[in-house]
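Q: based on what follows, work out the 3D shape:
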Amino acid sequence: MPNKNLFAYFAPIIRGNDIVNLKKLSLQSIVCKMIMVLACSWLCHNVSASTFNIDVPEGSAEFSGDLTGNVSVNKIGAGTLVYTEDQPYTGVTNVLEGTLGNNGSMQSSAVRVSLGASYTGTGEVLVLNSDGDVAIGGAVGSSSTVHDYRPSPSSSLSIRLNSLTSDWLTVDRAALTGALKVYVDTDGHYPTTGTIYRIVRGGLSTGIFTSFVNVNEANVTFDYEYDNDEYCLVVIGDVPYVRPTRTSYRPGLLLGDCRRDTIETGCAGGFSGFTVPYSACKELHISFMRSGTVAAANTILTNSYTGSDAVPYLPTTVDDLWLEGDATDFATLVSGGVQYGLPTPGVKTTIHFLLSAAPTTSPLTWFQGALPSGCRLVIEPGSADPFINTVLPLAGGHIIIGAPVAPEA
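A: Residues are numbered from 1 along each chain as shown. The predicted structure is shown next:
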């Protein structure tokens, strides 16, 4: 039989659609913490309201009970709310402010992390939509499981590593984007050249992180490699740590009929790493990734053009060219009205824009040559405005707008 006196005491504080203000509960003593656990347990099983607003204004508070049924939770306040046990409820968990720590299982709930808020822990969650920061809890080398990881371009994934191991995220599906933040715990030793850290593991992963942050400026230089099953950091070079200072083009592996390339923007450099895709490639994805160094004007053509004749085009077998990621610095690479960077699509190619950030120059100047006849430019829903609406495609092409842009076309 639930304790009616406890309910009478906590009812004004914990109610559906009202605020659970954990600052009002004194957690400084073991007795008060036990009272809170009992009260939360009673209420979570007996209150019929569909939404709980839980406010942790400061500090950290543990939630040791469990919520059941079709209820939702709004986490507010600058403090941290920590789930220490499994939460079987099926509603949405909105992390609007502060931090939600999850060390249990949330296999029935979708978590949404707002910009400026964060999710952390070593637990498990069904779906994680994030505009904020996602971090792994526990000691270095811990892991967290997200069955369906859906970050946005404004989000970040924070990973810690030392000379022996790193945190990692286990996924069934992931569409990677946003920033990768890495904190290096030297542990008295620096990671050695060639060390590989598998930081995203598991199922099907697409996309890449569009920016990289060495949080504590440790004397370690990283590169990255990835495929559909994992995303890895690789230690390269020697100490001291030097920020990347060169723009580079990195062709990816052909998986099925799709190849995923990356352009990392840094000071000067060129795109000499470009290689023409095999004839089996139907889709070419080019993702822009910022190195953290402001890009300087580029003066080197890609090696897709090595002769004195007309600029060559991508193979006509490439039906779709996708331009993705953060292209903020790319404008400086095509400065002075000279077309350098990207290989020119073939006739009737559909060019898809799915950018998290775009430069202020028309992408029609990004390529080595003018677009041929019949090309279509598609702004995918959610893409930053690539300024294609200021210059119509040449030779009778079309613009297809899948999302609002500014200024209006």
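
Q: quick check: end-to-end length of stretch 348-363?
A: One end of stretch 348-363 sits 17 Å from the other (C-alpha to C-alpha, to the nearest Å).

Q: give me the distance between that stretch and the centre of its chain.
A: 19 Å (C-alpha atoms, centre = their mean, to the nearest Å).

Q: buried residues in it?
A: Residues 349-359, 361, 363 are the ones in stretch 348-363 that count as buried (16 or more other C-beta atoms under 10 Å). In short, each C-beta sits where N, CA and C put it, glycine included.

Q: low pLDDT regions in the stretch 1-150 of the chain?
A: Low-confidence segments of the stretch 1-150 of the chain, defined by pLDDT under 70: 1-49.

Q: would you map the strands across it?
A: For the stretch 1-150 of the chain, the strands defined by DSSP state E, counting those that start in this stretch cover 19-21, 51-55, 60-63, 72-76, 80-83, 93-95, 99-102, 105-113, 118-120, 124-130, 133-135, 143-151.

Q: ok, back up a step: can I get the buried residues of stretch 348-363 in a markdown table with secondary structure and pLDDT?
A: Below are these laid out as a markdown table (DSSP: H, G, I helix; E, B strand; the rest coil; pLDDT from 0 to 100):
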| residue | secondary structure | pLDDT |
| --- | --- | --- |
| 349 | coil | 90 |
| 350 | strand | 91 |
| 351 | strand | 90 |
| 352 | strand | 90 |
| 353 | strand | 88 |
| 354 | strand | 85 |
| 355 | strand | 84 |
| 356 | strand | 81 |
| 357 | strand | 81 |
| 358 | coil | 80 |
| 359 | coil | 76 |
| 361 | coil | 72 |
| 363 | helix | 71 |
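
Q: just give me the closest of those to residue 139.
A: Nearest to residue 139, judged by C-beta to C-beta, of the buried residues of stretch 348-363 is residue 356 at 32.2 Å.

Q: from what I can see the closest one touches residue 384, true?
A: Yes. Assessed by C-beta atoms under 8 Å, residue 356 is found in contact with residue 384 at 6.2 Å.

Q: doesn't residue 67 make contact with residue 88?
A: Yes. Using C-beta under 8 Å, residue 88 is in contact with residue 67, at 7.4 Å.

Q: give me the more crowded residue out of these two.
A: Set residue 88 next to residue 67 and count neighbours by other C-beta atoms under 10 Å: residue 67 wins out with 22 against 15.

Q: next up, the contacts around that one.
A: 44, 52, 73, 87-89 (C-beta atoms under 8 Å, 6 or more residues apart in numbering).

Q: so what's the closest residue to it other than its chain neighbours up against?
A: Take residue 67 and drop its neighbours on the chain: the residue closest to it by C-beta to C-beta, 6 or more residues apart in numbering is residue 89, 4.0 Å away. By C-beta under 8 Å, 6+ apart, residue 89 lies in contact with 66-73, 108-109.
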